[in-house]
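In: Need a 3D model of the sequence below.
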Amino acid sequence: MRAFVLFATLSAALLLQSALTQVAPAQARLFDPFLIVVVYCGLAFGESYGMFAGMLAGWIQDAFFGGTVAGLTALSKLLIGFAVGVAGGRLLVSGPAQRLLILFTATLMDALLFERLASIFELSLAQLSLTGLLGRATVNAIVGAGLFELVDRRVRHVVRP
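Out: Have a look, this model is predicted:
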C-alpha cells in the first residue's frame, strides 16, 4: 500500500511540476513538490523510507528536469530524506509549526547540498539569490505544511469511522 501511495504522490508531483514549468517557468523554481513528498515520507515512515522516496524523487527529477549529471538530485534528495527521517524519529514533529520549520530547513539544506554536490563535479549552476532561496523555502514550507495537515485530517477521518 505504501508503494502505491508513493508512486501516486510522485506521479502527482511530476504532473504538477510539469504543468508549472509549462505555465510559469520562472515561478516553477519556487516550488518543489518532490521535496514535499520526500519530507512527508521521512517524517511519517522513518529514515529508510525517506531515503527510498528521496532516491525515487531525485531520479524522476533528474530524468525529466535534470542537468548534465544524472543522479545528482537523487543523491541530494536521498540525503535530505535520511536527515528528515532521523530528525522526525528523534524530535516531536506533530504540529503544523514544527512541520513548517522542518520543510523550511529541508528546502534550504536541499539547495545548499545540491550546490555543494554540483561543485564537486565542477558544474556551473545558475545561482539562487538569498531572497530567491528564502522565497523558495517559504513557499515549500507553507504549501507543504498545508498539505500535511490535509493528509493528516483525511487519515484521522478514515481511521475513526
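In: which regions of this protein lie under the pLDDT threshold?
Out: 67, 126, 156-161 (pLDDT under 70).
In: Going along the chain, name the helices of this protein.
Out: Remark: helices assigned in the chain by DSSP state H are 2-23, 25-28, 33-45, 47-65, 72-90, 96-120, 130-159.
In: May I have the third one as CSV, with CA atoms only?
Out: What that stands for is helix 33-45. Provided in CSV are the C-alpha atoms of helix 33-45 (Å, rounded to 0.1, in the frame of the first residue of the first chain):
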residue,chain,number,x,y,z
PRO,A,33,6.7,19.2,-4.9
PHE,A,34,9.2,16.3,-4.9
LEU,A,35,10.8,17.7,-1.8
ILE,A,36,7.5,17.9,0.0
VAL,A,37,6.8,14.2,-0.8
VAL,A,38,10.3,13.3,0.5
VAL,A,39,9.9,15.2,3.7
TYR,A,40,6.5,13.7,4.3
CYS,A,41,7.8,10.2,3.7
GLY,A,42,10.8,10.8,6.0
LEU,A,43,8.6,12.2,8.8
ALA,A,44,5.8,9.6,8.5
PHE,A,45,7.7,6.4,7.8
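In: Check which helices and strands that helix is in contact with.
Out: Packing partners of helix 33-45 (3 or more C-beta pairs under 8 Å, 6 or more residues apart in numbering; DSSP states H and E): helix 2-23, helix 47-65, helix 72-90, helix 96-120, helix 130-159. Where you see a C-beta, it was placed from the backbone N, CA and C, and this is true even at glycine.
In: Quick one: those as CSV, columns for distance to Pro33 and mean neighbour count too.
Out: Shown next, in CSV, are those (distance: least, C-beta to C-beta, whole Å; neighbours: other C-beta atoms under 10 Å):
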stretch, distance to Pro33, mean neighbour count
helix 2-23, 4, 14
helix 47-65, 9, 21
helix 72-90, 12, 22
helix 96-120, 12, 18
helix 130-159, 8, 15
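In: Put together a markdown table for the ones you listed, with distance to Cys41 on each row.
Out: Listed next are the helices and strands packed on helix 33-45 as a markdown table, based on distance: least, C-beta to C-beta, whole Å:
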| stretch | distance to Cys41 |
| --- | --- |
| helix 2-23 | 7 |
| helix 47-65 | 4 |
| helix 72-90 | 7 |
| helix 96-120 | 12 |
| helix 130-159 | 11 |
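In: Can you check which of those helices gets nearest to Tyr40?
Out: Nearest to Tyr40, of all the helices and strands packed on helix 33-45, is helix 130-159, at 6.1 Å by C-beta to C-beta.
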